[in-house]
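Q: the following comprises the amino acid sequence and a computationally predicted model.
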Amino acid sequence: MATRKLNVRQAITEALFQEMRRDPNVIVMGEDVAGGAGRAHLGIIDPWGGPFRSTKGLIIEFGPERVIDTPISEMGFVGAAVGAAMTGLRPVVDLSFIDLLGCCLDQVMNQAAKMRYMMGGQVKVPMVLRAGYGTTTIPGQKRGGGAAAQHSQTMYSMLAHVPGLKCVAPSNPYDAKGLLISAIRDDDPVIFFEHKFLNSLSGDVPEESYTVPIGKAEVVRPGKDLTLVGIGRMTHVCLEAANLLASEGLEAEVIDLKTVSPIDEETILNSVKKTHRLVVVDEDNPVCSVARDVAARVADKGFDYLDAPVKTVNAPHTPVPFSATLEDLYVPQPPQVIEAVHAMLGIGARA
Amino acid sequence: MATRKLNVRQAITEALFQEMRRDPNVIVMGEDVAGGAGRAHLGIIDPWGGPFRSTKGLIIEFGPERVIDTPISEMGFVGAAVGAAMTGLRPVVDLSFIDLLGCCLDQVMNQAAKMRYMMGGQVKVPMVLRAGYGTTTIPGQKRGGGAAAQHSQTMYSMLAHVPGLKCVAPSNPYDAKGLLISAIRDDDPVIFFEHKFLNSLSGDVPEESYTVPIGKAEVVRPGKDLTLVGIGRMTHVCLEAANLLASEGLEAEVIDLKTVSPIDEETILNSVKKTHRLVVVDEDNPVCSVARDVAARVADKGFDYLDAPVKTVNAPHTPVPFSATLEDLYVPQPPQVIEAVHAMLGIGARA
Amino acid sequence: VGALDTSKLLWIYERMVTIRQFEDRFRQLVETGRPLGSGHLYIGQEAVAVGVCAALEPNDWITSTHRGHGHCIAKGVDPRQMMAELYGKVTGTNRGKGGSMHITDYSKGMLGVNPIVGGGMPHAVGAGLTSKLKKTGQVVAAFFGDGAANIGTFHESINLAAIWKLPVVFACENNHYAQSTPVEYSTAGNNIAGRAASYGIPGIAIDGQDVFAVYEATSQAVRRARAGEGPSLIECETYRYYGHFIGDNPSRYRLADEESHYHDRDPIQLFRRRVIEEGSLNQAQLDEVDARVAALIEEAVEFAESSPLPEPSELYTHVYGE
Amino acid sequence: VGALDTSKLLWIYERMVTIRQFEDRFRQLVETGRPLGSGHLYIGQEAVAVGVCAALEPNDWITSTHRGHGHCIAKGVDPRQMMAELYGKVTGTNRGKGGSMHITDYSKGMLGVNPIVGGGMPHAVGAGLTSKLKKTGQVVAAFFGDGAANIGTFHESINLAAIWKLPVVFACENNHYAQSTPVEYSTAGNNIAGRAASYGIPGIAIDGQDVFAVYEATSQAVRRARAGEGPSLIECETYRYYGHFIGDNPSRYRLADEESHYHDRDPIQLFRRRVIEEGSLNQAQLDEVDARVAALIEEAVEFAESSPLPEPSELYTHVYGE
Ligand SMILES: Cc1ncc(C[n+]2csc(CCOP(=O)(O)OP(=O)(O)O)c2C)c(N)n1
Ligand SMILES: Cc1ncc(C[n+]2csc(CCOP(=O)(O)OP(=O)(O)O)c2C)c(N)n1
Ligand SMILES: [Mg+2]
Ligand SMILES: [Mg+2]
């Protein structure tokens, strides 16, 4: 079948359509996932299609029983999804912003994640929690500010910590579609992180349904001198940094982590075995982050491969500031990656 | 002034009494912190004194306006503490179990932690959130089971991740009293982790008021061959392991981390500079844990000191099981620490 | 009693007695130093669980609280497997991995004891969604305590069930205390049933010691639910005879008068008196049940004691599927 | 109008007009490509913020929502600093670190715009606790939307304020929509004011376009609060003229009839008509306010445009104290 250019948002929409057609147990829930609920008789149907428009059109094909607008009751509807998943449905919940985890953590961490285990394997909780994360900063582009401290967080580190959850963070439309289909078919709760900046990123996406495996990282640029591991948007930052490093004569291998839980240690260790050097780039706050987790794994299992300190590049240990001038500094960018590489290699800052 | 033996629970109670006497703005809130609220006229006063009895007696001295029983409304009363802290009080909130963070994360992570920053420094949120954590397992002691998956978690890794919070986890009565007094006087929100197993641990505590600084680790046993970093109960596990290692001729330096946010890098790096080897022992689940965070910092800033892989010992990536036979295996114990040391040193398992 | 035939009456009595004896035995085991965990005893509240479940079909669902042994037994969970679970044995309902606070038997429609207060209520909404979407006709009963009426999930869950007209029966067990906190302190407004008005659904406060009253009110709510008319809220006034957990001494925060008032209104004794007075069952029939249940509980303890512990490898299984 | 003197009437008018002009200007700036973020416009709801704040003292507190510009201006926050905040400038209320969704002026008793729906309500409870414990007599008004009436904090906060008899006025701005979701879909029960009964507190639904009605109802609630009698709930029926945020087209989910109904009931026009009809203020007085405000808003834009951005070091400050 054909391949077209879709952006990440469109790829997600396509995955939802295909899975809802395939399996009548798949339902979509969340605030304004269609919008204007209860007003079809007034000709109002699907006016929003989700906070980022990625559920647009679903209600037309699947109706309001399977595309369910919810009130602002995160604990309630995420918990309802848990109950629905336990009893035979496969809910795909749109949480709008991952920051709203604050309003439903119990159902995610204590209920969904632990249910199968606590119950000794009697139940499964096949649900997907989709959530936008990250900032949309474009350094140097003049604008007042971003979405600030409560609508720009990354937060996958907190959820990767939780046993029983899987967490994916695709960096491109192809993976977004394939990972979402995998997530929907997965019998465990999967948190699907959608980077707000990447939503409009375009790329080749096959028309047919396909899966991208959860738990597998990918070498997206081969190299021999050092390994850069990126997550989501940071994969692109790593690729840009790799281009710049190439002009210095350094061939960086870039790995797109794709899944932050479970982490694909093997792919990373194989790379570091070859390159002997590692920098992990992560948009999340640094403390107890995925970046430091990966660094620690390599400092243990890959210690003998290492020729240099393991470096991590994260957002700072601060909330996300509003002012664009500060937000631009908050999000890691290629220069910081290059700085980390130089520090790792003992190369002094260039004059 | 004199020093007596107190257990951790008593040390906490004493800190609360002393701080409430010192500062009329200090209040205590939580479910059954006194208990039986509204029934003083029936002769019922203070029947519970908190889930672990650590607020017992406070209401007698300070009355129901400052010792406030709350309904089961975690988001509401933690949020009320945030509002009270913003407007001039210094609430000490008893959350009973850290697992209940699931029901109030928004107020902790999005509100309390970020308030000062989002508001450009206009406000402070001087509050303390006390919470029991961990399991009470005593390996080999026959018993049916523990408190299982939703009442035994450790979870400081998730909160150490959050900028704006401070997190402390004392391992003994002296530090419990001193750190709680520091936490109450601190102008930032502090999460005070009380290990359920340690509540009954006894030790010397001065009668007078004193502080233990937040953000400082302590070398609790000097050694030259390797460094063991422990947190809370794990400090004791490290000390036991160090004793066993001594009989193998290995002198382990043991560091009690005490504060998990901010982490005292300096004390750890100084130790590793001397010992060249590091094992971090942490009762929390491994992924994105404090243990791996510490390991990553050392693999970066202390790489040149290291002569061996950095090892971490954590609970497994599983929920906490009920059955004692499984719970005993869940919590790291000295044999696992020794195993990690052996693996680090390339010493094969002994026959 | 009216509409209930002998076998149903015996069913009700047996389940109430099973709860009572199961927990009495468990309590004795704990108090006499058997190495078990603690637990939240349901004794005193039997008429609620059994009255509600008597109005349900076997394939209907329930969600529960931390005080869930009674709900489990009422819904038909095997006391042997329950006891084994309390012992942390692999033959337990949850393979010993859940314990008292997580007992679950999916095959019986028992969706889990749930010790996060209010944590189970949204699951009932979700099960209701499944029932509605799959048109199975199943009803869900969500048990919760008076203390749970003040947590956000109470509000969110009832509102969701109401707007979606889901087949959920919200069954509040108002035993007057949340730990040591009296309901009149923690709970603004007149009563919990009255909060139903906020959601435009029926709310009724009934005598939770009277299993017939509970059965009647639930039956009505279940009819409404199955007819697609949405949820109801039933507040059952009841009492726990023991402390919040085994080891808690309730006389520190409860009044002796109040305690004896409820002991006088013991749900099992009320039932016995009524069926005997009305001539629907006789003493011998009831005593026979008592004896049968006693044997079952003995068997449950023996089963639990003699069952194997989970293998160490169980620590790592069931975290994820496959 | 009755009890209100000329200066109070002018105060009310000025604040309503300031909100309107401030936001109109901001909207134009955004829509004409000025590099600013988006924002949730308050226009159409001015009578609520101003009516409530007219009944408060300067040292009383308010908590707010994501749609908070109006609350800020009504409580006396300087529009220049607000505009600078929207521009991300260091001269902003929050040094440019908060933006539209976090504007705060502690010195004015404005405890923060708060874009977590329901997130500010518990803060009002906490401020009420402070007032009660310190016996300052301060009252707290908690603004929230119709959508917020379905989140757990609504329930928990009102219950807490009620049992503790705190001086809190819960002011619901029912503008009929939460994003594109109509209130009649999301909200079970008859109305939001009716939910007050669950907590045994007064609940009243009023015309939120009529600043006098809002002022009157709030004044009564404030009297009650200051007398130590506890909280009240006021549901103000109102409407937002624009989309959920700048860029959202509300005609996709609202009916033209409804929109024009509320445009006919514009709070500023209603006020003008009424005071002129009743002879309390004249056209010239009102026009003078319009002009003064226009100048102020111009000044605010100039102030914002000419103010410096935060220094890079600001990224790291105010995370912790000291
Ligand atoms: C969300 C949450 N908050 C607090 C607790 C601690 N806790 C366990 S049971 C309980 C009391 C519950 O009271 P109620 O709902 O009336 O049920 P009852 O114990 O009376 O059956 C509390 C506070 C908890 N488990 N979960
Ligand atoms: C807890 C939470 N859930 C969802 C959102 C996304 N959101 C922002 S505003 C809004 C609608 C709020 O509606 P309402 O309370 O009626 O206020 P209005 O926008 O009408 O002023 C939603 C869903 C949020 N910010 N916080
Ligand atoms: Mg109760
Ligand atoms: Mg609204």
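A: That came through, no problem. Ligands and ions are numbered 1, 2, ... in the order given.

Q: any idea which residue of the stretch 1-150 of chain A lies closest to ligand 4?
A: Proximity of the stretch 1-150 of chain A to ligand 4 (Cβ to the ion) peaks at A:Ile72, 9.5 Å away. Heads up, the C-betas are built off the backbone N, CA and C, glycines and all.

Q: what does the stretch 201-350 of chain A give?
A: For the stretch 201-350 of chain A, Cβ to the ion, closest residue to ligand 4: A:Phe322, 23.5 Å.

Q: helices of the stretch 101-250 of chain A, start to end?
A: Here the stretch 101-250 of chain A has its helices, by DSSP state H, counting those that start in this stretch, at A:105, A:115-118, A:156-160, A:173-185, A:233-246.

Q: can you convert those into JSON lines and add a column each for mean neighbour count?
A: Listed next are the helices of the stretch 101-250 of chain A as JSON lines, based on neighbours: other Cβ atoms under 10 Å in any protein chain shown:
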{"stretch": "helix A:105", "mean neighbour count": "26"}
{"stretch": "helix A:115-118", "mean neighbour count": "28"}
{"stretch": "helix A:156-160", "mean neighbour count": "28"}
{"stretch": "helix A:173-185", "mean neighbour count": "25"}
{"stretch": "helix A:233-246", "mean neighbour count": "22"}
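
Q: circling back to that earlier point, report the contact partners of the residue of the stretch 1-150 of chain A closest to ligand 4.
A: Counting by Cβ atoms under 8 Å, 6 or more residues apart in numbering or on different chains, A:Ile72 touches A:31, D:117-118, D:147-148, D:150-151, D:178, D:186.

Q: take these and keep only those in helices.
A: In this view, those that belong to helices under DSSP state H are D:Ser186.

Q: which of the contacts of A:Ile72 are buried?
A: A:31, D:117-118, D:147-148, D:150-151, D:178, D:186 (16 or more other Cβ atoms under 10 Å in any protein chain shown).

Q: strands - which of those residues land there?
A: If you go by DSSP state E, those have D:Ala178 in strands.

Q: out of the buried ones among the contacts of A:Ile72, which are close to chain C?
A: Under the cut-off given by Cβ under 8 Å from any Cβ of the partner chain, chain C has D:150-151, D:186 from these close to it.

Q: need those residues in TSV with pLDDT and distance to A:Pro189, can you?
A: As requested, these are exported to TSV (pLDDT from 0 to 100; distance: Cβ to Cβ, whole Å):
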residue	pLDDT	distance to A:Pro189
D:Asn150	98	24
D:Ile151	98	22
D:Ser186	98	25
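
Q: spell out which parts of the stretch 51-200 of chain A neighbour ligand 2.
A: Taking Cβ under 6 Å from any ligand atom as the criterion, the neighbours of ligand 2 within the stretch 51-200 of chain A are A:72, A:74, A:96, A:100, A:103.

Q: what comes up buried for the host helix or strand of C:Val289?
A: C:Val289 is part of helix C:283-306 when elements are defined by DSSP states H and E. Neighbour counts over helix C:283-306 (16+ other Cβ under 10 Å) mark C:286, C:289-290, C:293, C:296-297, C:300-301, C:303-304 as buried.

Q: please report how far the residue of the stretch 201-350 of chain A closest to ligand 4 lies from C:Asn59.
A: Per Cβ to Cβ, to the nearest Å, A:Phe322 is found 53 Å from C:Asn59.

Q: which one of the two is surrounded by more residues?
A: Using other Cβ atoms under 10 Å in any protein chain shown, the more surrounded residue of A:Phe322 and C:Asn59 is A:Phe322, with 32 against 13.

Q: and the longest strand along chain A, does that touch chain D?
A: Scanning chain A for the strand with the most residues, using DSSP E, yields strand A:90-97. No - using Cβ under 8 Å from any Cβ, we find that strand A:90-97 stays clear of chain D, coming within 9.4 Å at best.

Q: partner strands of that strand, parallel or antiparallel?
A: strand A:26-30 (parallel), strand A:128-133 (parallel) (DSSP bridges).

Q: what residues does the stretch 51-200 of chain A put near chain D?
A: Within the stretch 51-200 of chain A, the positions lying close to chain D (Cβ under 8 Å from any Cβ) are A:51, A:69-76, A:99-100, A:102-103, A:141-151.

Q: and these, which of them are buried?
A: A:51, A:69-76, A:99-100, A:102-103, A:143-151.

Q: now the strands for the chain?
A: By default, I'm working from chain A. Using DSSP E, strands in chain A cover A:3-7, A:26-30, A:67-69, A:90-97, A:128-133, A:166-168, A:190-195, A:202-206, A:218-221, A:226-230, A:252-256, A:259-261, A:278-282, A:311-314.

Q: the chain in question should be chain C.
A: For chain C, applying DSSP E gives strands covering C:61-63, C:140-145, C:168-174, C:177-178, C:181-182, C:203-207, C:232-237.

Q: mind checking which of these is nearest A:Lys56?
A: Nearest to A:Lys56, of all the strands of chain C, is strand C:168-174, at 30.6 Å by Cβ to Cβ.

Q: do that closest one and chain D meet?
A: No - Strand C:168-174 stays out of contact with chain D when judged by Cβ under 8 Å from any Cβ, the minimum separation being 12.5 Å.

Q: let me see the contact set for the closest residue to A:Val320 other than its chain neighbours.
A: Closest residue to A:Val320 apart from its sequence neighbours, by Cβ to Cβ, 6 or more residues apart in numbering or on different chains: A:Ser152 at 4.0 Å. By Cβ under 8 Å, 6+ apart, A:Ser152 lies in contact with A:99, A:134-135, A:146, A:320, A:327.

Q: tell me the pLDDT of residue 88.
A: I went with chain A, as the question did not name one. We have a pLDDT of 98 for A:Gly88.

Q: switch to chain C, that's the one I care about
A: 97.

Q: got any ranges where chain C has weak pLDDT?
A: Along chain C, the parts satisfying pLDDT under 70 run over C:1-2.

Q: what's the local residue count around whichever residue of it sits closest to ligand 1?
A: When distances are taken as Cβ to the nearest ligand atom, chain C reaches nearest to ligand 1 at C:Gly145, 2.2 Å away. As a burial measure, C:Gly145 scores 26 neighbours (other Cβ under 10 Å).

Q: distance of it relative to ligand 2?
A: 26 Å (Cβ to the nearest ligand atom, to the nearest Å).

Q: C:Ala162: what's its closest spatial neighbour, skipping adjacent residues?
A: D:Ala188 (3.5 Å).

Q: now do the contacts for the residue sitting nearest the centre point of chain A.
A: By Cα atoms, centre = their mean, the mean C-alpha position of chain A lies nearest to A:Ala169, the distance being 2.2 Å. Residues near A:Ala169 by Cβ under 8 Å, 6+ apart: A:133, A:156, A:193, A:195, A:231-232, A:257-260.

Q: and which of those is nearest to ligand 3?
A: A:Tyr156 (38.1 Å).

Q: hmm, back to that, make sure the residue of the stretch 201-350 of chain A closest to ligand 4 is actually in contact with D:Arg95.
A: No - contact criterion Cβ atoms under 8 Å: A:Phe322 and D:Arg95 do not qualify, at 9.4 Å.
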